[in-house]
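Student: Provided below are the primary sequence and the corresponding predicted coordinates.
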Amino acid sequence: MAKKVIGNLKLRIPAGRATAGPPVGSTLGQWGLNMMDFINPFNDATKGDMGKDVIVHIQVFEDRTFAWKSLGQPVDDMIRAVTGIKKGSGKPHSDKVGKITRAQLEEIAKAKMDQLNAIDLDGAVKIIAGTARSMGVEVVD
């Protein structure tokens, strides 16, 4: 019989630098989980992505055990890195902060394909392009 899930957590943590302090320690502590059972494996698994933030999904089970999955770098961070901007626009439809090409969109879409709700690469590119537009980044061909 499968374990009963009592909580689903989503955290954004610097790769390879999780500590017992916030946000990891305070979040896992609320659920009564052993922090070091998460911190050490997470740091080992993500040390190749040092300097980047990583999205992590944690399922908490009724017996105070958990399972976690790293989803990699967020799409908005990838767009900012490719375009060289510090942040998105406060008025994305009128104030443009950068430009991104279809080739750059495809590169991001290939990296995130397994996490997107898309049937093919073209659909994934459209999803990434929508994120870029909502950040104030102009999509050019």
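Tutor: Received it, and whenever you're ready, just let me know what you need. The structure presented is a predicted model; accordingly, all values stated were derived computationally and were not measured. Numbering: from 1, shown residues only.

Student: Would you map out the domains in the protein?
Tutor: 5-72, 75-140 (automatic domain parsing).

Student: Mind putting these into CSV with mean pLDDT and mean neighbour count?
Tutor: From N, CA and C alone the C-beta is placed, and that goes for glycine too. What follows is the domains of the chain, written out as CSV (pLDDT from 0 to 100; neighbours: other Cβ atoms under 10 Å):
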stretch, mean pLDDT, mean neighbour count
domain 5-72, 92, 15
domain 75-140, 94, 15
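
Student: contacts for the longest helix seen in the chain?
Tutor: Longest helix of the chain, by residue count under DSSP state H: helix 121-134. Identification of contacts with helix 121-134 by Cβ atoms under 8 Å, 6 or more residues apart in numbering yields 75-76, 79, 88, 92, 100, 102, 105-106, 108-110, 112-113, 116-118, 139.

Student: now the helices for this protein?
Tutor: 24-30, 36-46, 75-83, 102-112, 121-134.

Student: right, and these - which one's nearest residue 2?
Tutor: The closest of the helices of the chain to residue 2 is helix 36-46. By Cβ to Cβ, the value is 20.2 Å.

Student: which other helices and strands contact that closest one?
Tutor: Where contact means 3 or more Cβ pairs under 8 Å, 6 or more residues apart in numbering; DSSP states H and E, helix 36-46 is packed against helix 24-30, strand 53-61, strand 66-72.

Student: Mind checking those for the one nearest to residue 37?
Tutor: strand 66-72 (7.8 Å).

Student: Please identify the pairing partners of that closest one and their relative orientation?
Tutor: strand 53-61 (antiparallel) (DSSP bridges).

Student: contacts for the strand it pairs with?
Tutor: 3-15, 28, 31, 33, 38, 42, 46, 66-74, 77.
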